[in-house]
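Undergrad: I'd like to go over a predicted model; first the sequence, then the structure.
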Amino acid sequence: MSRVYNFSAGPAVLPEEVLREAQAEMLDYKGTGMSVMEMSHRSKAFDEIIQEAEQDLRDLMHIPDNYKVLFLQGGASLQFAMIPMNLMKNKVADYIVTGQWAKKAYQEAQKYGKANKIASSEDKTFSYIPDCSDLPISEDADYVYICENNTIYGTKFKTLPNTKGKDLVSDVSSCFLSEPVDVSKYAIIYGGVQKNIGPAGMVIAIVREDLITDDVLPGTPTMMKYKTHADANSLYNTPNCYCIYMCGKVFKWLKKQGGLEAMKAHNEKKAKILYDYLDESKMFHGTVEKESRSLMNVPFVTGNADLDAKFVKEAKEAGFENLKGHRTVGGMRASIYNAMPIEGVEALVEFMKKFEKENM
Ligand SMILES: *Cc1c(COP(=O)(O)O)cnc(C)c1O
């Protein structure tokens, strides 16, 4: 068996320790004589799994008591509809469009009301985060929406927008648990877990309680009401049990690493290794304005598509997987989530240096 360094944007690398634990418990979870995949979501064993997972997440993020933690299906993409269906009381919302995912959310919201694009960075291929200190927030906006870390373009909000008192909704799929956050600044903070936490197929939505009501847009399906899932503690129907189990293990792993402060320090150290090299290299260049750089997703190019392709091919042969950039951007992208060890980033930079020397 040999593990590669997996730089995939998602589904992505998981901590090896967590995978080994899951492997050890595969056939017999804690004396139940069955795998978590085979067990009732109403069983005592699973009840402990989901409750512990929620508590560990609450501890990690210091989630205030007036927020519900929901384990939902449908991916982050379903939230693009669920958010307006549950929150658009005035049928107005303001969107800051900083990449494809924000754009998709913005387009989806247009089905349910008036979605305003109040800022965008599309003029420079989403390579920066616009100044959001004094935006034309709509008087009657039900919420302001951002995608906090732009997975495809590698940008991240370093300060939250000034929403002028309006509720903030944030998609944190690709920066979930990468650093501490102040949950109380958000109305909803949510993300698909397959980027930085667990396997694909689940979203965690942390929703302020006063937003969880029966007052949703007419026609909202039962399954798309936050209240349905909040009232049932995410067990209204069969949840993604195995994913909850795996996420729970990752939460415990994160606690063991020292929590989110420690992850932030670790992530900054890792990203610096790569960005420092990109800044000094004569061949490779980062594509993002320095002030907006993400700690999680690092896009870069040589400026020559043939050379990019050669690099991706040779990197793969050397055990560096999934470095090809998103199909809409080209070039390369290294996603260096929590579970990517620092050795992986160091080895990648060594490989890039060697490639640069050989191909200049
Ligand atoms: C991957 C991603 C999504 C889409 O996630 P799905 O679970 O595939 O729907 C949405 N937002 C961001 C920021 C992402 O990185």
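TA: Alright, I've got the coordinates.

Undergrad: tell me, how many residues neighbour the residue of the chain at minimum distance from the ligand?
TA: Closest approach between the chain and the ligand, counting by Cβ to the nearest ligand atom: residue 75, at 2.8 Å. Any C-beta I mention is one placed from the backbone N, CA and C, and that applies to glycine too. As a burial measure, residue 75 scores 16 neighbours (other Cβ atoms under 10 Å).

Undergrad: before we move on, what about residue 66?
TA: 10.

Undergrad: got the contact list for the closest residue to it other than its chain neighbours?
TA: In this structure, residue 66 finds its nearest non-sequential neighbour in residue 209, 4.8 Å apart by Cβ to Cβ, 6 or more residues apart in numbering. Taking Cβ atoms under 8 Å, 6 or more residues apart in numbering, we find residue 209 in contact with 66-68, 230.

Undergrad: equivalent analysis for residue 171, please.
TA: Each residue near residue 171 by Cβ under 8 Å, 6+ apart is listed here: 76, 79, 101-102, 105, 145-148, 190-191.

Undergrad: the stretch 101-250 of the chain: strands as residue ranges?
TA: For the stretch 101-250 of the chain, the strands defined by DSSP state E, counting those that start in this stretch occupy 114-120, 144-147, 149-150, 155-156, 168-171, 188-192, 203-208.

Undergrad: in its sheet, which strands sit next to the longest one, and in what direction?
TA: When pairing is defined by DSSP bridges, strand 114-120 lines up against strand 92-97 (parallel).

Undergrad: and what of the fifth one?
TA: Using DSSP bridges, the strands paired with strand 168-171 in its sheet are strand 144-147 (parallel), strand 188-192 (parallel).

Undergrad: compute the first-to-last residue distance for stretch 145-158.
TA: Distance across stretch 145-158, first residue to last, is 15 Å (Cα to Cα, to the nearest Å).

Undergrad: got JSON lines for the strands paired with strand 168-171, with distance to the ligand too?
TA: Listed next are the strands paired with strand 168-171 as JSON lines, based on distance: least, Cβ to the nearest ligand atom, whole Å:
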{"stretch": "strand 144-147", "distance to the ligand": "5"}
{"stretch": "strand 188-192", "distance to the ligand": "3"}
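
Undergrad: which of those strands sits most buried?
TA: strand 144-147 (a mean of 29; mean count of other Cβ atoms under 10 Å).
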